[in-house]
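[1] below: sequence and its predicted model.
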2 protein chains.
Amino acid sequence: MEELRDPYPSRRISKPYVAPRTEPVIHAHDAARRTGPLDDAQLDRFERDGFLFIPELFPANDVRALRARLDRLCREGRDSEAEEIIREPENDEVRSIFAVHESDDLFARLADDPRLADAARQILGSDVYVHQSRINYKPAFAGTGFFWHSDFETWHCEDGMPRMRAVSMSILLTDNTPHNGPLMLIPGSHRHFVGCVGETPEDNHRTSLRRQVIGTPDTESLKWLAERGGISAPLGPCGSVLIFDCNTIHGSADNISPDPRSNVFMVFNSVENRLRAPYAAPAPRPWYLASRPRNDEAAAQAA
Amino acid sequence: MEELRDPYPSRRISKPYVAPRTEPVIHAHDAARRTGPLDDAQLDRFERDGFLFIPELFPANDVRALRARLDRLCREGRDSEAEEIIREPENDEVRSIFAVHESDDLFARLADDPRLADAARQILGSDVYVHQSRINYKPAFAGTGFFWHSDFETWHCEDGMPRMRAVSMSILLTDNTPHNGPLMLIPGSHRHFVGCVGETPEDNHRTSLRRQVIGTPDTESLKWLAERGGISAPLGPCGSVLIFDCNTIHGSADNISPDPRSNVFMVFNSVENRLRAPYAAPAPRPWYLASRPRNDEAAAQAA
């Protein structure tokens, strides 16, 4: 039976709103909370801020291998017509490649890496599967930014993710400097849901991944959140990992610096938070944006 | 008699190049160097880096008055068709207003303020006049950036400024934070001239002030300069002043933060460096971009 009421109405509304979050941020309790790579102080920080930055979690060797693979995929992607490859809005440079955990063995192994997957299990309090993975290139001189948004808002509306029980991990493959358009987050914003105005057009993802318009919070709500939480842009060397709650509002400016700002994104979703029909879109998005493994596949992945 | 050779060929060339600067950065010598508001350490820093940041040179009272005026001009500018008003490329928000030292009494007084004008005389080693003035709004959430460029390159090619004997001053009217798209500079870049490829189209300024394409250095040269000098983005409270050489390469990312990044720009040129015919453009730019006061007017302004 369908749920009677959408817990997070968005897009199909006439006025933006900010509502307090009613579900937990750390889903594991008691013994389960203590089983995993993150210590209490890290979990507390994640719970309070909606994100956690772990400097140099991956050593230089791992970074070198991942970056070499990322460069190769970018070269191969240039002439490919695969729809998992998203290009910059102003030129045809490769901006992102999605579903790399399915198409590439090295990134598949990365998705299973206990430094990431076990931390996800610890935060989400259950087994997990990869909801989405991608490489972001953000090239030097021409990388474009992304306006403020909550990923959960999109995943809920367009992918049918019912609850805030997913977590994103960004593995930095280049240094995050103040000048190459690092990710900015609004600390504490994960404790609120911002309902956005504007219906999802058909095939929205064909343009939204190049430049998002639908599902971006209104400036009034953003001001309110930033007055309370400020803005934080974690900086650090490649190999560092940024873990953030699916509902933490984040964005980035463009990158005119001579240094690329490349990273791999892995989004883990709880197996108890599987996708349904989209809450506010005409049709589900394609597999490479929102994976829907069958139960047995997810179980195998989680094993 | 016309000069036999353009000392800084640009745009009318087929390959970009980087050439060492052959003229001084501080033009005053001996006693004249010591006559003015800047001390030796400040002059040395300016000479080495191509810029100098002076925190809180203007007290809060001055900033308040200037910001109130800036807000008023922005409101009045919204419905004005004056060509001194430049708009954002993606919407019609006011981006800049030029020649405010001519149209507004408060900004006229600011141009004469000894904290600025005397520092300009000290650096340029002569009397000075205002070559250009402008307000930059860079509004919250939607302020767009500016790609790397040397102002001198444009002033030389499009305005006929013969030599590197002008200096820009940016008076911060809002705080410069890491997140609101602060000006970034390449320290030491003023010691090189980067010749750019691409001829100046007719009426280039009608688009270049919204988004510059012509007269931007090639990425190879930018990398070379940034490897040597790095990138610096001076941060500080409103009332601070950034003084930079006309040839220091600078740029900025866009501003998606909830805070505007507004400032007033005053460009002082030496009276011994008056404009001629453009070196690489079909016609001189209008008065509000490049003032050409008569000798007696400049003398009166300098008095």
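    Great, that's in hand. Quick caveat, the model's predicted, so the values are computed rather than measured.
[2] can you tell me how far A:Asp62 is from A:Arg72?
    Distance, A:Asp62 to A:Arg72, using C-beta to C-beta, to the nearest Å: 16 Å. Using the backbone N, CA and C atoms, a C-beta is placed for each residue, glycine as well.
[3] more neighbours, those two?
    It is A:Asp62, of A:Asp62 and A:Arg72, that has more neighbours when counted by other C-beta atoms under 10 Å in any protein chain shown, with 18 against 12.
[4] I figured the more buried one hits A:Gly239, correct?
    Yes: using C-beta atoms under 8 Å, A:Asp62 is in contact with A:Gly239, at 6.9 Å.
[5] contact residues of the stretch 1-150 of chain A facing chain B?
    For the stretch 1-150 of chain A, the contact set with chain B under C-beta under 8 Å from any C-beta of the partner chain comprises A:Ala140, A:Phe141, A:Gly145, A:Phe147, A:Trp148.
[6] show me where pLDDT drops low in the stretch 101-250 of chain A?
    Regions of the stretch 101-250 of chain A meeting the criterion pLDDT under 70 cover residues A:210.
[7] mind listing what the residue nearest the centre of chain A touches?
    Central residue of chain A (C-alpha atoms, centre = their mean): A:Ser168, 4.3 Å from the mean position. Counting by C-beta atoms under 8 Å, 6 or more residues apart in numbering or on different chains, A:Ser168 touches A:Asp151, A:Ile243, A:Phe244, A:Asp245, A:Cys246, A:Phe265, A:Met266, A:Val267.
[8] likewise A:Arg33?
    A:Arg33 sits next to A:Ile26, A:Leu43, A:Gln122, A:Gly125 when contact means C-beta under 8 Å, 6+ apart.
[9] same deal with A:Ile249?
    A:Ile249 neighbours (C-beta under 8 Å, 6+ apart): A:Trp148, A:His149, A:Ser150, A:Leu185, A:Ile186, A:Ser189, A:His190, A:Val194, A:Pro217, A:Leu222, A:Leu225.
[10] the same query, at a cut-off of 6 Å, please.
    Neighbour list for A:Ile249: A:Trp148, A:Ser150, A:Ile186, A:Ser189 [criterion: C-beta atoms under 6 Å, 6 or more residues apart in numbering or on different chains].
[11] same thing with A:Asn176?
    A:Pro182, A:Leu235, A:Gly236.
[12] name the member of those residues with the most neighbours.
    Of the contacts of A:Asn176, with other C-beta under 10 Å as the count, A:Pro182 tops at 25 neighbours.
[13] need the per-residue pLDDT for the residue of chain A found nearest chain B.
    As assessed by C-beta to the nearest C-beta, chain B sits closest to A:Ala253 within chain A, at 4.1 Å. We have a pLDDT of 93 for A:Ala253.
[14] what's the local residue count around it?
    28.
[15] so how far is B:Ser257 from it?
    Taking C-beta to C-beta, one finds A:Ala253 at 8 Å from B:Ser257.
[16] go on, A:Met184?
    For A:Met184, the distance to B:Ser257 - C-beta to C-beta - is 8 Å.
[17] which residues do those two both contact?
    Contacts common to A:Met184 and B:Ser257, judged by C-beta under 6 Å, 6+ apart, are B:His179.
[18] right, and the residue of chain A closest to chain B touches A:Phe147 too?
    No: with contact defined as C-beta atoms under 6 Å, A:Ala253 does not count as touching A:Phe147 (9.9 Å).
[19] common neighbours of the two, please.
    B:Ile256.
[20] what's the mean pLDDT across stretch A:259-279?
    95.
[21] nope, stretch A:72-91 is what I meant
    86.
[22] cool, stretch A:24-33 as well?
    On average, stretch A:24-33 scores 92.
[23] quick check: end-to-end length of that stretch?
    End-to-end span of stretch A:24-33 (C-alpha to C-alpha, to the nearest Å): 13 Å.
[24] what comes up buried for it?
    When burial is assessed from 16 or more other C-beta atoms under 10 Å in any protein chain shown, stretch A:24-33 yields the following buried residues: A:Val25, A:Ile26, A:His27, A:Ala28, A:Arg33.
[25] likewise stretch A:247-261?
    A:247-261.
[26] CA atoms of that stretch as PDB?
    Extracted in PDB, the C-alpha atoms of stretch A:247-261 (Å, rounded to 0.1, in the frame of the first residue of the first chain):
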ATOM      1  CA  ASN A 247      20.700  16.000   3.200                       C
ATOM      2  CA  THR A 248      23.600  18.400   3.900                       C
ATOM      3  CA  ILE A 249      23.300  21.400   1.700                       C
ATOM      4  CA  HIS A 250      26.400  22.000  -0.400                       C
ATOM      5  CA  GLY A 251      27.600  23.700  -3.600                       C
ATOM      6  CA  SER A 252      30.800  24.900  -5.200                       C
ATOM      7  CA  ALA A 253      32.100  27.900  -7.200                       C
ATOM      8  CA  ASP A 254      33.800  27.500 -10.600                       C
ATOM      9  CA  ASN A 255      37.400  26.600 -10.900                       C
ATOM     10  CA  ILE A 256      39.600  29.100 -12.800                       C
ATOM     11  CA  SER A 257      42.700  28.000 -11.100                       C
ATOM     12  CA  PRO A 258      45.500  26.200 -12.900                       C
ATOM     13  CA  ASP A 259      44.800  23.000 -10.800                       C
ATOM     14  CA  PRO A 260      42.000  20.500 -11.500                       C
ATOM     15  CA  ARG A 261      39.800  19.500  -8.600                       C
END
